[in-house]
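Got a sequence here, can you model it:
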Amino acid sequence: MRGPEIIARNQRMKVNMEREGLPFNAERNMSYNSRLAQELAKWANTKSKGEEVTDALFRAYFVDVRNIGKADVLAEIAEENGLPADEATDVLLSRKYKDAVDDDWRRCAAYGVNAVPTFLAGKYLMVGAQPYEELQRLIEHVVKSPSGQTAG
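Coordinates of the predicted model:
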């Protein structure tokens, strides 16, 4: 992305985040690979810290502009959320949760998901952060449709 594209993206993100009451740093001008962060979150789930770590990763990326593609940054985030930094480092460097994240990616690809967030209801996908009312409309549409089964 180039300067004007980044500015436009940040403006859209700022509006969406404000609408949902989420923090966002509009000065953010970098994107970082989140693959290791996904592996950290998988591990944190096994330690009953998944929600805390996921929230911390969101804040680190969108507010604090931390590079969540680096193992040392992720180990700090783990420690800040009550997990041992040395164990987090071992998990990340060994890529212990790589296969689990690969499985998640394959499952998403099979459904046609290629962006986050994406909401899947029945055979319908809704991409991007959406107002509550749009999500409600999606669910109501699926429930009313003849094949209104949701994927499990």
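
going forward, measure contacts between C-alpha atoms and count neighbours the same way
OK.

Which positions in the host helix or strand of residue 61 come out as buried?
Taking DSSP states H and E as the criterion, residue 61 maps to helix 50-62. Of all the residues in helix 50-62, those buried under the rule 16 or more other Cα atoms under 10 Å are 50, 52-54, 56-62.

other SSEs contacting the helix or strand that residue 103 is a member of?
Using DSSP H and E, residue 103 falls within helix 98-111. On a contact count with 3 or more Cα pairs under 8 Å, 6 or more residues apart in numbering; DSSP states H and E, helix 98-111 meets helix 35-46.

Redo the buried residues of helix 50-62 as TSV? Include pLDDT and distance to residue 36.
Formatted as TSV, these follow (pLDDT from 0 to 100; distance: Cα to Cα, whole Å):
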residue	pLDDT	distance to residue 36
50	96	14
52	97	16
53	97	13
54	95	12
56	96	14
57	95	11
58	89	14
59	90	16
60	93	14
61	89	13
62	85	16
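
So in this structure, where's the weakest helix or strand by average pLDDT?
Lowest by mean pLDDT, DSSP states H and E among the helices and strands of the chain is helix 3-20, with a mean of 75.

and the angle for that helix with helix 50-62?
140 degrees (axes from the mean of the first three to the mean of the last three Cα atoms, to 10 degrees).

Report the buried residues of helix 3-20.
Buried residues in helix 3-20, counted by 16+ other Cα under 10 Å: 6-7, 10, 13-14, 16-17.

Contacts for that helix, please.
By Cα atoms under 8 Å, 6 or more residues apart in numbering, the surrounding residues in contact with helix 3-20 are 23-29, 129-131.

In PDB, list the C-alpha atoms belonging to it.
Extracted C-alpha coordinates of helix 3-20, given in PDB (Å, rounded to 0.1, in the frame of the first residue of the first chain):
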ATOM      1  CA  GLY A   3       0.600   6.700   1.300                       C
ATOM      2  CA  PRO A   4      -2.800   7.700   0.000                       C
ATOM      3  CA  GLU A   5      -4.100   4.100   0.200                       C
ATOM      4  CA  ILE A   6      -2.900   3.900   3.800                       C
ATOM      5  CA  ILE A   7      -4.500   7.200   4.700                       C
ATOM      6  CA  ALA A   8      -7.800   6.100   3.100                       C
ATOM      7  CA  ARG A   9      -7.700   2.700   4.900                       C
ATOM      8  CA  ASN A  10      -7.000   4.300   8.200                       C
ATOM      9  CA  GLN A  11      -9.900   6.800   7.800                       C
ATOM     10  CA  ARG A  12     -12.300   3.900   7.100                       C
ATOM     11  CA  MET A  13     -10.900   1.900  10.000                       C
ATOM     12  CA  LYS A  14     -11.200   4.900  12.300                       C
ATOM     13  CA  VAL A  15     -14.800   5.400  11.400                       C
ATOM     14  CA  ASN A  16     -15.600   1.700  11.900                       C
ATOM     15  CA  MET A  17     -13.700   1.400  15.200                       C
ATOM     16  CA  GLU A  18     -15.400   4.600  16.600                       C
ATOM     17  CA  ARG A  19     -18.800   3.200  15.600                       C
ATOM     18  CA  GLU A  20     -18.100   0.100  17.600                       C
END
